[in-house]
Structure formats: C-alpha cells, structure tokens
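Trainee: using only what follows, build the 3D model:
(2 chains)
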Amino acid sequence: MAIIEVKNLKITYRVLMNKSGSLKELFRDAVKGRVRILEYVALQDVSFTVDKGEVVAILGRNGAGKSTLLKVIAGVLPPTQGTLEVNGKIAPMIELGAGFHPEMTGSENVLFYSALMGRDVKQVKERISAIGEWAGVTDHMEFPLRTFSSGMVARLAFSTATDEQTEVLLVDEVLSVGDADFQNKSRARMDDLISKGAAVVLVSHDMNAVRTLATRAIWLESGKVKMIGNPEEVVAAYETN
Amino acid sequence: MKYTQLIRLLVNRELTLRYKRSVIGIGWTLLNPILTSAVLWFVFSYAFASRLPGGQQFAPYLMAGILMNTFFNQALMQSADSIANNAGVLTKLYVPPQVFTISSALAGLINFFIGMLPLALVCFISGQNLAWTLPLVLIIGVALAVLAAGLGLALSILFIRFDDTRNIVQVLLMILMYMTPIFYPVSAVNETMQAIIRWNPLTSYLDIFRWAFSNNATPTLFSWIYMTSWSICALLLGTYIFKKYWPRTVAML
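Mentor: Next up is the predicted model:
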C-alpha cells in the first residue's frame, strides 16, 4: 500500500481580477458590473504515489506549483478536483518552526509545536531535554525564543519535527539548516527516519541534494507534471531546459 | 479528542502572554473591570441609581454589565481574528482551524470567571449577598462563549475576505452595547427602546447573569429560551458557514 497517493489532482485559486480588498470596493465594482473572476490553475493532472522509504523530489521553477503540492499533501489546501490519500502521520517541515512564538521559552515552543503537529504532549514533555540537547541549545531552553539566534531556532525546530518516527516527511528547502556539522547530523537523522520506513516528499533547488537523496524526481512546469522518473535523468533534463 | 491538549496550551498562552511584560501580570484581569466600572459608576450613579427597582444595587448592576459585555466583545473579536492571526500555522501544517476559535472563546470565558471575584467584592460592599443560584453562572458563561465562538467562526471568514468588515463589526458592537442595559435600567428609556432592548439577545444573557449572581435582575422564561436558542443557532450557523467557505478562504491566507 502506498503511503501517499495523489490522483488527477487539480488546484485552482479564484482570483478577483480587479482585486477588491474591501466590501465597499466589491460593491462598487459589482454595481458597475466589473467583477471578473479568474480561475488560476495552480496544479493540474498531477498523479503519483510515494511508497514506504521512498524519497520523491519535486523540481521546478518558482511558481511551478511545488509548494502548493506540498501544502495539498500536508492537508492544508483541499483539492479542487481529484483525490489525495495519506496513510500515516505527517511531519510537515514546509516551514520550520511554524507556530513558534518569540515570547515563549524554548521548552514551551517545543511542546506547542509538537501539539500543533498532533503529537501527544505528555510524551513530548519527557523528550524536551533530549530535543534541546540534540539541537545544541540545552542552555537556552528556559529562555524566551526571541533570545535565540535564527540558526538556533531552526535547529530546535528541526530537532522537534524529526523527534518522532513518522510515516511522511514533507521538506521544503530546510536541508540547509545550521552549520556543516549540524547539516551532517540532520542528514543522518533523515536517513535514519527513511530507513525506518518514512516516505519523504522534498522540494529543493539544490540539484546535488536531489541527486544524492532522492529515489525519484518529479519535474513540475506551470502546474503540470513535465517529467517523472529517475532523479539523475530528470535533473539532467531539467538542467538542460 | 486529539486536540484537547493543544487547546489547553493555546488557552494558557492567550491568558499569560498578553501580560508577559507587565508588572502585575494577570492582575490586570482583576483590575480592568474594577477600573472601568469605577469610572462609569462615578459618571452614571447620580442619573440611574435611583431608578432601579427596589432591592437592586447600582454598583453590582453596572459591574456585572461591564464584565459580561467585555467578555462578549473580547471573545467575539478574538475568536474572529484568531484564524487570520494564525495564518502562518494554518498554511504550513494541518490543524483544524476551529481549534483557535474555541481557544479564544475559552480564554475569554476564564477571564470572565476571574472577573467575578471583584464583582463579588462589589456585591458585598454594596450590601448584597451572592445568590444561591450562583452555580448557574457557569451555564451563562458557556452559553455566551458558544455564541461568541459561533459568530466568530462566521466572521473570521468575512474578516479574511474583506478588510473593512472588521471596522463595520466594531461599530455594530458599539451600537449593540448601547442597546444592552449595561449602565442604565430598562425603565430609564421610552417604550419603543424598551422593546428593542428586549429583543437584543445580550439583554437576556445579562438579565440571567445578574439574577443568578446576586439576584439583581428579574429574567423571565423568555430570557432563558431566547438565550439558549441564540447560542445554539449561532453555533450551528457559524459552523455551517465556516465549513462551506473555508476551503476557498484558506487559499487567501
């Protein structure tokens, strides 16, 4: 059974042409018959599956629909058409530390972030010091997050997000967190999660990371799948394009 | 439910974070209604105190009104804002957005209960005893939180789509406040106004609250039915509107 199954996915945004941000403007435009609604197609006819232990990289230019696709898999954006099935828990690392609050301490943020990801707060409580230690911020855990450097915040977020084994990891350009040491460490942890059966969907502009990490690559162009297959071949085709 | 732990953390955050950098911290929750009531009592007690029915006291009457009105306004606006305020989370990972609305309403409810401590004090000072019906304030608080959360859910969609609706709602809330007998007795206004005030749902909540707390008003069976139906309808309508429009609204965050 595939962990992620995307079938004929279509996502459209409705855009008001003369963007009326207020009720007053919308009313004025409606009276004058000037409201035009444009259907912006962000993704179309996207189908693929991701199995246990697979790493699927998504390539494409800015605006090709990569992040939209991740958001759909994360369950944030409902599909306009088509279906999406995810069997298992998701660790969304679309943006590290989404929901972190500068006035709360490191420990409080770890708890909060974990609760947002739907994890059991009681279990996380016992893991806090281990999470802080792995991120290398043990001494700072009881201070407000605003006293952390941005690297420390990112490390703590990565440490929290990957602390539990999950079935699905969604990664959006977060492999470049921290210094070289930490990058090696986080890479090792990712490999460990994958070897234990996590399926990874990864968005990256770093072609080296795609070549070495991915088992399959999907090239998106203007919301459609342009190419899907072996990462070496897809990257080569993408780079000569 | 899977998200009760998250709701607890959110409520906790909302209660403590607002006062994180203030000296007396959560003491403001106690002090705020006292100060507002003191000012209004100073202004209005000459005009209205003598017009209350026999046995009713103006100071607790006024303060109960302010306490409840603050609770409703804050719970409504904060739950309506909660979803836009947490856009950063809601567009990055899956959490049922209603979790934020519920937490805001609950935080308001807890502030409401905390505010009852100074209200009890004012009751004693003005020579009133707390009524034996006091436990019923739990029901009233929950009913009002449900009303605020239900309306807040519907409004949150509106606020995200149209910037100016927030200002409109604030003006409407002010009108609603003046149509609620917070600092005047109903008998002080003419009969047309009295009818309007009676149909204002907040009047029913407030009558019941004043009565349950220190027997300082006379609600009728109508007040109870009216209160319950408003809360239930707001919740159903809010949930329906939210479910219907959220999939398209989330793309606008």
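
Trainee: quick one, helices of the chain?
Mentor: Unless you meant another one, I'm taking chain A. According to DSSP state H, chain A carries its helices in the segments A:23-31, A:66-74, A:106-116, A:121-135, A:150-161, A:180-195, A:207-213, A:231-240.

Trainee: that's the wrong chain, I meant chain B
Mentor: Along chain B, counting by DSSP H, helices occupy B:4-17, B:27-48, B:58-85, B:87-90, B:98-125, B:137-161, B:165-178, B:191-199, B:201-214, B:221-249.

Trainee: coming back round to it: of the helices of chain A, which is nearest residue B:68?
Mentor: helix A:23-31 (29.5 Å; CB to CB). Any C-beta I mention is one placed from the backbone N, CA and C, and that applies to glycine too.

Trainee: could you dump that closest one to PDB, C-alpha only?
Mentor: Taking Å, rounded to 0.1, in the frame of the first residue of the first chain, the C-alpha atoms of helix A:23-31 are listed here in PDB:
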ATOM      1  CA  LEU A  23     -16.600  45.200   0.800                       C
ATOM      2  CA  LYS A  24     -17.100  48.700  -0.400                       C
ATOM      3  CA  GLU A  25     -14.900  48.200  -3.500                       C
ATOM      4  CA  LEU A  26     -16.600  44.900  -4.300                       C
ATOM      5  CA  PHE A  27     -20.000  46.500  -4.000                       C
ATOM      6  CA  ARG A  28     -18.900  49.400  -6.300                       C
ATOM      7  CA  ASP A  29     -17.400  47.000  -8.800                       C
ATOM      8  CA  ALA A  30     -20.500  44.700  -8.700                       C
ATOM      9  CA  VAL A  31     -22.800  47.600  -9.300                       C
END
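
Trainee: tell me which residues of that helix come out buried.
Mentor: For helix A:23-31, a neighbour-count test (16 or more other CB atoms under 10 Å in any protein chain shown) marks A:23, A:25, A:26, A:29 as buried.

Trainee: can you give me the mean pLDDT across that helix?
Mentor: Averaging pLDDT along helix A:23-31 yields 76.

Trainee: and stretch B:153-173, by the same measure?
Mentor: Here the average pLDDT along stretch B:153-173 is 93.

Trainee: related to what we said a few turns ago, can you redo the helices of chain B as TSV with distance to residue A:235 and mean neighbour count?
Mentor: TSV is the format used below for the helices of chain B (distance: least, CB to CB, whole Å; neighbours: other CB atoms under 10 Å in any protein chain shown):
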stretch	distance to residue A:235	mean neighbour count
helix B:4-17	40	17
helix B:27-48	58	15
helix B:58-85	39	23
helix B:87-90	32	18
helix B:98-125	40	21
helix B:137-161	39	22
helix B:165-178	48	13
helix B:191-199	68	12
helix B:201-214	63	24
helix B:221-249	35	16
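
Trainee: out of these, which gets the lowest mean score?
Mentor: helix B:27-48 (a mean of 83).

Trainee: list the contacts for residue B:40?
Mentor: The neighbours of residue B:40, taking CB atoms under 8 Å, 6 or more residues apart in numbering or on different chains as the test, are B:62, B:66, B:183.

Trainee: can you report phi and psi for the last one?
Mentor: As for residue B:183, its main-chain torsions (degrees, to the nearest 10) stand at phi -120, psi 10.
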